[in-house]
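In: Sequence first, then the predicted structure:
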Amino acid sequence: MKLAVRVKLLPTPEQASALAATLRACNEAANWLSSEAFNHQVTSRAGLQARAYGDLRARGLSAQPALHVVRKVSDAYAVLKAHARVGNLGEPGSQRYVRATSKSITFRAGAAQPFDDRCLSWQVSASTVSIWSVSGRLKRIAFAGYPEQLDLLVRYRRGESDLLHQNGEWYLIATCDVPEVEENSRPDGFVGVDLGIVNIATTSTGQRHSGRRLNRRRELDRRLRGRLQQRGTKSAKRRAKRLAGREARRARDINHKISKCIVAEAQRTGRGIALEDLSGIRERVRLKKPQRVTLHSWAFHQLGQFIVYKARRAGVPVVYVDPCYTSQECSRCHYVDKRNRPSQAVFECRSCGFVEHADLNASHNIAARGWWVWVRGARSAAPVLTPAA
């Protein structure tokens, strides 16, 4: 399993200046090569290397950085073509499609640049790195990371590392090939996870991760962002950008903590994890405007990804189930009726009288469907229920 380990570089002012010049030179070369690729319609690695390798060397890049620039440009056009092919850019001829395909791809001056072991060496025990730059080899650049990250670097680092300049800070992102733990082939049931907005995650074991504080914070941030957008000054735009970064980091941190708790509970009890297949939910649901804003800012996909990759590391099986009627089905008698849900938090079965918190009831249904999916040997299917008339 591939994991990206991000450590923070602590360069001196002279080293930071050399790193900035290196990124600028690499991305200027990438922009020039991208323009050549677009004008001559040559985007393959072999074609770009044959056409521009000598020019890239003349721009001050050594052999390996020049090849990495070629690969970066070629890969960027490959991704663009893939998005166009599957329709992510809209229909051919649409405004979005034309805007994306009618000009060459450009790279920011501080965009990430990959380095392999010929250009970058790690001294993990000393917490330093040595890296190629346009000013020569920079040695003993200090970096900082958590002990868990350093352990992953020592044991599992493979391939390239990306140099990144973001928000005034320097980072190295290393790829680690971590072996997967053997999956538990005989789980003792499944932990159903109901994802929501009021409660970010509710499990069938009784864990409930409330989203009220997060939603209030998001609402305050949304109002502040609206005022900054109305002001429209440069300082307002800078502040709005910083605010967006804080929002993303806050949501990411919360999702990491929630996913860690869920996977730890499943691993401790010898069970698997059942998640709802929520792909395309934004296109399926019909909500009022304030509710749409809340839904589109909800990072449920990221939380699901975190649960999956942490479960793979722990050997916990994960299945996806059909989300239809999980909030309307009684987990006791399995009677389905939309009137079973009189309010957001309450579930009252019209058939057997069972009363439960709505999200907890839904999580029990997801757990039961997860076991059914596992028994059937399918990982993405679930029994389709028909609601009562």
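Out: Thanks, I have the structure now.
In: what about Asn31, how many neighbours?
Out: A count of nearby residues for Asn31, using other C-beta atoms under 10 Å, gives 19. (C-beta placed from N, C-alpha, C; glycine too.)
In: Check Gln64 too.
Out: Gln64, neighbours per other C-beta under 10 Å, totals 16.
In: contacts for the helix or strand containing it?
Out: Per DSSP states H and E, Gln64 falls inside helix 63-86. Contacts to helix 63-86, defined as C-beta atoms under 8 Å, 6 or more residues apart in numbering, come from residues 26, 29-30, 33-34, 37, 43-45, 48-49, 52-53, 56-57, 61, 89, 92, 97, 100-101, 105, 107, 113-116, 118-119, 132, 160.
In: at 7 Å what do you get?
Out: The set of residues external to helix 63-86 that reach it, using C-beta atoms under 7 Å, 6 or more residues apart in numbering, is 26, 29-30, 33-34, 37, 43-45, 48-49, 53, 56-57, 61, 89, 97, 100-101, 105, 113-114, 116, 118-119, 132.
In: Now do the same contact list for Ala362.
Out: Neighbours of Ala362 in contact, by C-beta under 7 Å, 6+ apart: Asp194, Thr326, Ser327.
In: hmm, back to that, pull the CA coordinates from the helix holding Gln64 and hand them back as CSV.
Out: C-alpha atoms of helix 63-86 as CSV (Å, rounded to 0.1, in the frame of the first residue of the first chain):
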residue,chain,number,x,y,z
ALA,A,63,20.3,15.3,-16.3
GLN,A,64,17.9,13.8,-13.7
PRO,A,65,16.0,17.1,-13.0
ALA,A,66,15.6,17.6,-16.8
LEU,A,67,14.1,14.1,-17.1
HIS,A,68,11.8,14.8,-14.2
VAL,A,69,10.5,17.9,-15.9
VAL,A,70,9.8,15.9,-19.1
ARG,A,71,7.9,13.3,-17.0
LYS,A,72,5.9,16.0,-15.1
VAL,A,73,4.8,17.7,-18.3
SER,A,74,4.0,14.4,-20.1
ASP,A,75,2.0,13.2,-17.0
ALA,A,76,0.1,16.5,-16.8
TYR,A,77,-1.1,16.1,-20.4
ALA,A,78,-2.0,12.5,-19.8
VAL,A,79,-4.2,13.4,-16.9
LEU,A,80,-5.8,16.2,-18.9
LYS,A,81,-6.6,13.8,-21.7
ALA,A,82,-8.0,11.2,-19.3
HIS,A,83,-10.3,13.8,-17.7
ALA,A,84,-11.5,14.9,-21.2
ARG,A,85,-12.1,11.3,-22.2
VAL,A,86,-14.3,10.3,-19.3
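In: Which positions within it qualify as buried?
Out: 64-70, 72-74, 76-77, 80 (16 or more other C-beta atoms under 10 Å).
In: Likewise for stretch 266-274?
Out: Ala266, Gln267, Arg271, Gly272, Ile273, Ala274.
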